[in-house]
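Chemist: Starting from these lines, generate the structure:
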Amino acid sequence: IVSARGAALQAGLYPNPNIAYEGSSIGQGDQNGNRSPGQQGGFIEQTIVTGGKKKLARDAALRDVQIAEQHLKQTEAELQAQVRAGYFAVLSARENYRVTRGLTELTDELFGVLLLQMRAGEVAAYEPMQIRVLAMQSRQTLVLARNRYVSAWKQLAANLGTPTMPLTALAGRIDMPVPHFDHDEVLAYVLTHHTEVISAHLGVDKNRLLLRLAEVQPYPDVTLHTGFQKDYTTPPFGTLANVT
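Modeler: Model (predicted):
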């Protein structure tokens, strides 16, 4: 945005004036053979841009500034969406980890009970082995759920710009009520406020200005040249002015 503003400022600036030394008729001699310094002085020269070219160029460049501002809003919205998605991913992973941990504790407890019953001769030996398989699967699933929880947190922390932030509890629940939006109201808002829609309109305006700028380019600019010199060639050695 700052770069686009600089380009817009530069697009509307007039050409720099030229201020310089000017000498003419240097060394001109008189009837006695004396050489004079001639006419010594300086001049100011300025190009006057016609047809409103500078204003059109600046207005077109300002559209780039506005488009860049819309891109910033779009980037902010995308980041907010990433943070929201990451937030709910953490809540989902946390709930999955909680449920999986409860299932693992249940299968471990059931396996322990069946072992006691087997030692007491109340159940056959194969019955605890069946539960043992489920308990081992639950423990493996618990490790995966824990890794998923930590991974979701790290992704959220990275989106927040704090990748080293330790795992901590988040407010809210994954089963919180889903907000309701009216489709027609949302559609009307998107069509008037969406950054891509606004950027497209600004792009159309910019191209219209560039088209008008191209139409006025054939009109020539005017260069004004004004010089002032001290005449040392002939009396009374006055001051001369030159205009081009």
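
Chemist: name the helices or strands packed onto the longest helix seen in the chain?
Modeler: Criterion DSSP state H: the longest helix present in the chain is helix 53-119. Where contact means 3 or more CB pairs under 8 Å, 6 or more residues apart in numbering; DSSP states H and E, helix 53-119 is packed against helix 2-11, helix 126-159, helix 195-216. Quick note: C-beta positions are derived from backbone N, CA and C, even for glycine.

Chemist: Looking at those helices, which is nearest to residue 44?
Modeler: Evaluated over those, closeness to residue 44 peaks at helix 2-11, with 22.6 Å, by CB to CB.

Chemist: Skip the chain neighbours and tell me the closest residue to residue 241.
Modeler: Leaving out its chain neighbours, the residue that sits closest to residue 241 by CB to CB, 6 or more residues apart in numbering is residue 228, at 5.6 Å.

Chemist: Enumerate the positions of the helix or strand hosting the one you found that are buried.
Modeler: Assigned by DSSP states H and E, residue 228 belongs to strand 222-231. Residues 227, 229, 231 are the ones in strand 222-231 that count as buried (16 or more other CB atoms under 10 Å).

Chemist: Which entry within those corresponds to the minimum pLDDT?
Modeler: Lowest in pLDDT among the buried residues of strand 222-231 is residue 231, which has 89.

Chemist: And the residue most central in space within the chain, how close does it get to residue 116?
Modeler: Residue closest to the average C-alpha location in the chain (CA atoms, centre = their mean): residue 72, at 4.0 Å. Separation of residue 72 from residue 116 (CB to CB, to the nearest Å): 66 Å.

Chemist: now residue 103
Modeler: Separation of residue 103 from residue 116 (CB to CB) stands at 21 Å.

Chemist: Tell me which of those two has more neighbours.
Modeler: Higher neighbour count among residue 103 and residue 116: residue 103, with 17 against 11, using other CB atoms under 10 Å.

Chemist: Identify the residue spatially nearest to that one, adjacent ones excluded.
Modeler: Nearest residue to residue 103, sequence neighbours excluded (CB to CB, 6+ apart): residue 138, at 5.4 Å.

Chemist: pLDDT below threshold where in this protein?
Modeler: Counting by pLDDT under 70, the chain has low-confidence residues at 30-33.

Chemist: Dump the buried residues of strand 222-231 to JSON lines, plus distance to residue 43.
Modeler: Shown next, in JSON lines, are the buried residues of strand 222-231 (distance: CB to CB, whole Å):
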{"residue": "227", "distance to residue 43": "3"}
{"residue": "229", "distance to residue 43": "9"}
{"residue": "231", "distance to residue 43": "15"}
